[in-house]
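Chemist: predicted model and sequence follow; I will ask about them next.
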Amino acid sequence: MERIRGAFPDINIVVEDAFGAEDKVVLRWSATMTHRGDHLGIPASGMRVRIAGMSIARIRDKQIVEGWDNWDQLGMLKQIGAYESSGATLRKSA
């Protein structure tokens, strides 16, 4: 999280959905931010970024004891200009 905050100091996260079952809570979220720092090893681009993701946390005794995150890291890299698709396409096997 320190590296993300260092690269995107103005990050704004919005919880789109939240629900839970048994000892787990799930969040679907989106974030907007500006790439202003080099904490990801990529020079600051000044580009505005929007990403989405999901997080799951397992709770025990009112504390998070495990967590899993899935978010669009490739989309973020494309938006800040750190990744460009080669234009290659996948071919179907016969």
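Modeler: That came in fine, so what should we check first? These numbers come from a predicted model, not from an experiment.

Chemist: show me what the helix or strand that residue 66 is a member of is packed up against.
Modeler: Taking DSSP states H and E as the criterion, residue 66 maps to strand 63-71. If you count contacts as 3 or more C-beta pairs under 8 Å, 6 or more residues apart in numbering; DSSP states H and E, strand 63-71 packs onto strand 48-60. The C-beta positions use only the backbone N, C-alpha and C, and glycine is treated the same way.

Chemist: note down every partner strand of the strand it packs on and its orientation.
Modeler: strand 24-34 (antiparallel), strand 63-71 (antiparallel) (DSSP bridges).

Chemist: tell me the average confidence for the last one?
Modeler: What that stands for is strand 63-71. Averaging pLDDT along strand 63-71 yields 97.

Chemist: list of residues touching that strand?
Modeler: 51, 52, 53, 54, 55, 56, 57, 58, 59 (C-beta atoms under 8 Å, 6 or more residues apart in numbering).

Chemist: the third one - nearest residue in space that isn't next to it in sequence?
Modeler: Just to be clear, that refers to residue 53. residue 71 (2.8 Å; C-beta to C-beta, 6 or more residues apart in numbering).

Chemist: from residue 55, how far off is the one you found?
Modeler: To residue 55, residue 71 is 8 Å away according to C-beta to C-beta, to the nearest Å.
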